Every structure is written in C-alpha cells, then in structure tokens.
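Enquirer: let me see the structure of the following:
(one chain, ligands or ions: 2)
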Amino acid sequence: MPVWAASYSLCANAVTCRCLPVGLQYKISQDRCRYILEDHTSTGQGGLTTVIDEWLEWEATQLQPMIQKLCMSQTSTGKVTQNLETELKRLLSHLDNSTRNNPIGLTGSDISVADIVIWCSLLPLFCHETPFTDVVSGYSHLQEWFQRIRQMAPASAALKQLKGDLSFREIKMSLQAQPLFYQSSDGTKQTTTSHAVDSSVTLPSVSEEETRKAEAAWNSPSDTVPILRRREVPILPKDGERNILITSALPYVNNEPHLGNIIGCVLSADVFARFCRLRNLNTLYVCGTDEYGTATETKAMEEGVTPQEICDKYNRLHTEIYKWFNINFDYFGRTTTQAQTEIAQEIFWKLYHNGYILKDRVEQLQCEKCNRFLADRFVEGICPFCMYEDARGDQCDKCGKLINAVELKEPRCKQCNSRPVIKTSHHLFMDLPKLQPLLDSHLAENFEHGLFSSNSKIITKSWLRDGLKPRCISRDLKWGTPVPLEGYTDKVFYVWYDAPIGYISITANYTDQWKQWWLNPNKVELFNFMAKDNVPFHSVIFPCTLLGTKDNWTVVNNLSATEYLNYEDGKFSKSRGVGVFGRDAKNTGIPADVWRFYLLYLRPESQDSAFSWDDFLLKNNSELLNNLGNFINRALMFVSNNFASSIPDMVLQREDKELLALVTKELNLYIDNLANIRLRDGIRNILTISRYGNQYIQAHKPWVKVKGTEIEKERTKRINVLNSAAMLVVYVDVPDDATKTFCHSLTTLGTIIRHRARAGTIVGLAANIACLLSVLVQPYMPEVSKTIQTQLNAPPSCNIIHHEFVPQLLPGHRIGKPSPLFQKIEPSTIESLKQKFAGKQLPSKKTSVPVGDPNTISRLEKAVAEQGNEVRRLKSEKKDKSEIEPAIAKLLDLKQQLATAQGCDPGTVTSGGKKDKKKKK
Ligand SMILES: Nc1ncnc2c1ncn2[C@@H]1O[C@H](COP(=O)(O)OP(=O)(O)OP(=O)(O)O)[C@@H](O)[C@H]1O
Ligand SMILES: N[C@@H](CCS)C(=O)O
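Expert: Residues are numbered from 1 along each chain as shown. Ligands and ions are numbered 1, 2, ... in the order given. Here you go, the predicted structure:
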C-alpha cells in the first residue's frame, strides 16, 4: 500500500474522531496526518508546505468552526440561520474555485494532507441523510473533488470502518452527547456530563450581530489595533490630533494632603490622564503646589520658620506622597517661581489696560506693632453676636456666625496680641460685571460641547444668576506675587487670582514652548479637576481673568468637580487630625493601588461619599481578592500547571464567541465612562468583565476537562500503549482487527484530547481576558497592572485601549510565573486602624462648651432655633445645595454644642429632617 494511502487509512480514523464527535479539535487529525505525510512522504510534498499550511490554517480557523456551528445549529434547532448559510456558501465557493483549478488535489497534482483534512471536515455535508444536500449541490467542482477522493480505495476502506458509512443521524447523536454548551442561544439546555458546563452559571445574552462583530475583531487583530505612541519630552500639541491638557487643583502647602484632597484632585486627574494616554491621545498633565497666601504665612508662623521654608518642606512632602500614590504627572511644579510672577503680572497689565481693573477702599485691621494689615486668620477677638472670647476674624467657632473682622470686639493680633486699629486700605478689584458677557458666551458654548460635572454647572449658574460683583484681587500681605501697579506695589495678588495662573507658569517651567498649550484654544482641550469648593474660581474668576486680556487663551472646556469624601461619619479635618492623611496611608502597609482602587470606587461623583474602614475591608476582600485577583490567578495557574505555561490553541465555540461579545460590550462601556469622566462606573466595568471571566471558568470547569474523568484517566494510560502500536498499522499491512482496535483507541483518545483542547481554549481565552484587564486596570491600579503583565509576560504592545477585544497572547506564548495579586485584609487589622485614626482627633474648639451652664444652654437653644429656621427657609426657597449644605452643617454643629452643654452625647445628634422623624416613629 502506498504511504499516502496508509496515511489515508489513518486519516479515516481521524474521520472517526472528527465526525462522530464533531467537536474534536482539528489539530489532532491535522497533526497526525501532517506527521505521516510530511515525515514519510518527502517526495511529492516538498516545496508545497506553505500552500498546505495556508489550507490547514483556513480549515482550522474558518471551515471547521463553521461546520461545527452548522451541525450544532441543525442538532439543536433543526435549521440553520440565513447568516450561517451565507457564510457557508462563501467557504464552499472558495473551495469550488480551487478545485476547478487543480485537477486532483487542492494544492497541485497530488493529494496532500490539506485535501485529507478538508475532506474529513466536509463529511457532514456529504454524508447520508445530510440536510445540506441542497446547499452543496451548486458546487459541481467541489462535488467532483469530494467524490474523487471518496472513491479512492483507502477512503472507502476508511468509511467502511464507520459502520459501513457515515450518516448525519450519527453525527447528530454524537453531538447531542457533547457536553460543550451550557445554553444555546435559543435557550435550549444541552445534556450535561461530568465535563458539562455548569448551567447554573448564566451570562447575559448578546445579539448575533454583536457576537459576529466580536468574533471578526478577534480573528483579524492587525487590521484594527493601533500602536501606542511614545511619550515625548516635552509633550507639545500636534496638528490634526486631539490635544488634551489636564490640570488638577494645586494643593496648598500648609499641610499634608488627606484622602479627600487626593481623590478630589490629583488622583481623579491622574486616572483620566492615564486613560487618555492609553487611548493614544496626545496628553499633558500638569500640577504643582500652591505656595502663596495667608495659609502659608500662618503655617510659617505656627512652625516658627519662613514661608519659603514652609513651601520647600511641603512641596517635598506633597511630591513624596503623590509619588507613593503613583500619580503620574507629566510635570509637578510650584507657584513661587519667576515665571509665575511674570505671567501673573503680564495678565494683570492686560486686564488693567483693557479697563477691567477697578480701584476701591477697604476698611481693614492693622497691627501697628507688627506693621501690617491683618488677614482674617491673623486676628481674634470677642464675637459681636454671642460674646464668645476667642472668635476668629472670619467666623465665630462658638455661634458659627460669619464675622467681618472689623466688627470683632476687642480685637487682638494673633501674633503679638496687641490691639489692631481700623485703617483704610486701597485695593484693586477685577470688574467681573463688565467681564460677564464674555464669560457667558464662553460658557454657553462649552457647557453645550464640553464635559462639566453637574455640580460645577449648578454652582457656576448660581454665581451668574444674580450677576457678578467686582472682586478684590489684591491683599496687604508680603508672601505673594507682587502687584506691579504704582501705588499698590506694597501689596500682593490675592491667592485665588494667582493660583490658577499657576497652571500656566508651571507649564512654562516644563517647556519654553508653553504657549502652544495655553494660547491655542482651537487645538487644545482643557480639562480641570477639583472638588466642589474650587469650582467658582475655575469656572468664573479664572476664565474672566483670561478672557479680559483679549488674548487667545486656552480657557476651560471641561471641568470635573467632585463632591466631598467624608471620613467615617464626619469630615476630614487637618486641624483636628481626623481621617487618613497621605503618610498614614503608606504606613498602614496596604499597597497604594488598593487605596487608589477604594478611593476611586468611592469617588464622590454625584454626592458626598464616606470613607469607611469596614467597607474598605469588604471591597478589598470581595472585589479585589475574590473577584479580580481570583479570576486572574485562576486563569494563569491553569496555563502554568496544565499547559506548561504556554497559551494553548483556542478554537472558539459559540459560547466563547458570546463571551467575546460580552467582554467587548463592557469594554466599550468602560471607554465611554472614562471618556466622560465617570471614573466610578469605569471600575464597575472592570469588575464586571472579571466577574464574567470567573463565571466562564466556573461554568466550564477546565480543571475537570483537563484531567478527565476517572475512567478517562484509566483509558489514557492504555491509549499511550495502543497509540504506539497503532502507528504500526500505517507501515505494515495488518489485519482489519488491528485497525478496528486502533480506531477504537483513537476515538477514546480523541474524546480526551477534545476535552483537553476545550480546556485549552477556555484558559487561553481567560488568559487573554486577564491581559485585557491588565490594561483596563492601569489607570486605576498601575502597579497591579504591571504585576499582571509580568505574570502574563504580556507584550508591551498590549498597552492600548481599543474598542475591540483582540487576542494579545497567541497560542504558544509563554507566560511568566503566576502569584496572588492581592492580600486579604483581616478584621483585626481594620479594628486597630480604626482606633489609630479616630484616636488622633484633638479636642475641637467647637465642642469646648461649658457643661450645664444655663446661659450657654439658653443661648444655644436660641441659636439652634434660628439656624433651624434658616435651613427651612433655604430649603423652601429651593436654594442650591452649595448654600443649603453649609447651613445644615452649621445647624448640626450648634446642636452638638447644645447637646454637650446639656450633658448629652453630641455623637447622637443629627441635623434633623426626615431622618429624625423616622427615628421617632
Ligand atoms: N473631603 C474632601 N473631599 C474631596 N475633596 C476635598 C476634600 N477636602 C478638600 N478637598 C479638595 O482638596 C483640595 C485642597 O483643599 P484644602 O487644602 O482646602 O483642604 P481642606 O481639608 O478643605 O483644608 P482645611 O480643612 O484646612 O480647610 C481642594 O481642591 C479641595 O476642593
Ligand atoms: N490651593 C487651592 C487650589 C488652587 S487651584 C486649594 O487647595 O483649594
């Protein structure tokens, strides 16, 4: 018998494996046939390898999956869809054309391994009782080719082994015994066996169209995925591209940032910047410390050092903390620079010459001993309302009333304790009423086309509604940008005139070509990040400052403002030491990425949210550890332990393609959420993808498939022996009995290999989902992203966020060493952290109320009643939240003082309203 014919006989056994259980992976028969034909028929096959490979590839990726799909569809629904039929015809036409051109085999004048493999694949279309007769009847050349091979002696011999011949009924029966689907698209449940998919784990449904698109993208990645740009230095705007300029509010240097500050500005902007970079957008993210103003002077006084020393110390501290939090600025600068002075003064001159600066007189307290005017924070005295002795220049800590410093009784300088005098001082004002029309038209356009968080719109509109008022932009201080106008040169600019100009001067210190970013509104999109209290300065005052120069400045196009992050039940407070501050977070030993994750999970996007230690533990242990970490670790461990760390072949079945579509859908939601600065929702998309991954693994149980049932394990041992023996069949003309034994052994082997191959597809796909997740988590958890990619040995090119899910880890790719990504946080750890941070609270001035003093009680009762009326009035007039909330906070504070004075626990007090009523019920 010629060698190829013997091989053919072997191939007939492959036919048994492939067609009875159609799900048998092509690789088995392909490899077997290839082994025999390539190694033992060197004559006649040499030189054709590439063409043969192409055909084999085509069979593996297009024909075989298609035939599987057809058979499954026929078996489960009794029909095939129009889409499937169209696709089938496309493939048959291709074969028909090729067989027309080649007289015998597909690759030339002889039969090759490609003919044998494709012939085997096509059997379901040509066998007895096939429902596809009509479809194939139109392809005469293909039919001739098929029959020509069928009539060859080895083929008929092989077919005889299949109980005389193969019928579609047998294929159907075999398919019905397949445990490969947990639910078909029409909802029909398939039979289950020990290898079955766990039908209790169901994934959401996706449409045919979504599935088809996801599959197409998966199959042709090179057409769709862009290459990530290199990060240049300096980054400058580019023609014809989206140029994204990102700023986050410049933190003051009078303290160490707390978690509220971090999520409110630098972290949110960082996530957005990282996302933009991964979307291949030309992005620049700048920030720095805000170093001028009374806050710095006060701190310097407190610490007994110069303001410059304070700035240097805290600039270093902020830099360290943000580094630990992995905030990836393109440049982190500071405002006390020459560039700041030059730019702030130049802008001032433009405003002045354009007629937008007014001069006016202001009454202020002056300390003659210290020889300076006293800013509100530098003066204390008796409250004109409640007679409290230690009232501050801006507000009374006892009755909570806002105070004009000149109204304080017996005022005293905080520094030297001597009595200041009232003096008139001349100041400069920005003529905001005159600038308002310019601002209105800028905002009208940008509110429509840009991204402004809804709180930022509400706050801005509330400022504009009643008409803007002139705003003082100078201060009688030393520590600030000097006012250059004659007659005012002993003054400095007000910190809120100065600070946002810091964005520009910081960019100028980054690159001397800074104007390309800041005087380029047609090419640059500006995104400002901050918390709600900073909004008016960025949406009203700073834009007016820039518009008033009449130069072509890049003015805010997008503004994302968070609400507040509270700490447990109250506010973060630097002065009282309540809450977790930058270095505290580091000292807990919990990785920065876990902090980042939790802060972003809680990001106060539409209302205040609260940091809670219990919830922190819960989110770490459930979402990070049990969901994300578990999925990635499981997927990688499978590849490592069962596939020698090499990504297996993936032959996608219907449910795999549906998973592709689900992941793609979530990926697109993720992109949409991040592009629209809905950072909280983006995290949920990541967790959903990982949850799908877990469900998929759970449903398919690759650990069972890969090891096989006990019976299969037993058979495997024997099969290795049989298999070697069976190889002999090819070379020696052995009796039929031996061939039958071989057939049987191959069938069993086929089942096992099919299950193993199936497990390979599952873990290969899971590993690719892990790779996608490593990129999607990058804006949120950059270190975790790196660790996953190291464990996956992922190609650097995977670091791009694209709207299609494509394989990054191809069969044969070797992964690294998997290890757990997250650690469990123990309740005992959380308990001790709770104690530690609650214990830092210093006695608050606000609650230092004499207990049991009847005068104090009656004064506070009156104050509570008045403030209660005030809150009710604001609510009934439907005032803005930004007005109502401080009033409620003040009411709560007064009630707490009253409770203390009455000898009750102030912790049980609420501000009133619905919650109280409910409690009473
Ligand atoms: N709890 C918070 N949640 C979110 N953002 C905050 C929070 N507190 C402050 N921010 C933001 O952090 C930045 C720095 O604020 P700032 O230095 O005034 O902190 P602070 O805690 O309010 O200070 P202080 O208690 O001294 O008034 C600002 O953008 C501010 O809007
Ligand atoms: N230093 C200010 C922001 C200036 S952009 C603040 O921290 O609120």
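
Enquirer: spell out which parts of the stretch 401-550 of the chain neighbour ligand 1.
Expert: M530, A531, D533, N534 (Cβ under 6 Å from any ligand atom). In short, each C-beta sits where N, CA and C put it, glycine included.

Enquirer: following element in sequence after the helix or strand harbouring W55, please.
Expert: Here W55, judged by DSSP states H and E, is contained in helix 49-58. Downstream of helix 49-58, the next assigned helix or strand under DSSP H and E is helix 64-77.

Enquirer: show me what from the stretch 101-250 of the chain comes close to ligand 2.
Expert: A249, L250.

Enquirer: whoops, the stretch 401-550 of the chain was the one
Expert: Residues of the stretch 401-550 of the chain lying near ligand 2 (Cβ under 6 Å from any ligand atom): A499, P500, N534.

Enquirer: restricted to strands, list the residues you listed.
Expert: The members of those all map outside strands under DSSP state E.

Enquirer: quick check: of those residues, which lies closest to ligand 1?
Expert: Using Cβ to the nearest ligand atom, N534 is the member of those that sits closest to ligand 1, with 4.6 Å.

Enquirer: name the nearest residue to the closest one, sequence neighbours excluded.
Expert: Nearest residue to N534 in three dimensions, chain neighbours excluded: A249, at 5.0 Å (Cβ to Cβ, 6 or more residues apart in numbering).

Enquirer: and this structure, which residues reach ligand 1?
Expert: Counting by Cβ under 6 Å from any ligand atom, the residues of the chain near ligand 1 are 249, 251-252, 260-261, 263-265, 530-531, 533-534, 562, 564-565, 572-574.

Enquirer: for the record, mean pLDDT for the strand or helix carrying H94?
Expert: Per DSSP H and E, H94 falls inside helix 82-101. Here helix 82-101 scores 87 as its mean pLDDT.

Enquirer: list of residues touching that helix?
Expert: 58, 62-63, 66, 69-70, 73, 80, 106, 118, 132, 135-136, 138-142, 144-145, 208, 212 (Cβ atoms under 8 Å, 6 or more residues apart in numbering).

Enquirer: where does the stretch 501-650 of the chain have low pLDDT?
Expert: 573-577 (pLDDT under 70).

Enquirer: once you drop chain neighbours, what's closest to the residue in it positioned nearest to ligand 1?
Expert: Taking Cβ to the nearest ligand atom, ligand 1 has its nearest neighbour within the stretch 501-650 of the chain at A531, 2.9 Å off. Nearest non-adjacent residue to A531, counting by Cβ to Cβ, 6+ apart: G264, 3.4 Å away.

Enquirer: swap in R361?
Expert: Nearest to R361 is T424, by Cβ to Cβ, 6+ apart, at 5.2 Å.

Enquirer: wait, what's in contact with that neighbour?
Expert: R361, V362, E363, Q364 are the contacts of T424 under Cβ under 8 Å, 6+ apart.

Enquirer: ok, the helix or strand hosting the third one: who's next to it in the sheet?
Expert: Right, E363. Assigned by DSSP H and E, E363 belongs to strand 357-367. Strand pairing for strand 357-367, determined by DSSP bridges: strand 372-373 (antiparallel), strand 421-430 (antiparallel).

Enquirer: can you name the next helix or strand after the first one?
Expert: The helix or strand immediately downstream of strand 372-373 is strand 379-382, counting by DSSP H and E.
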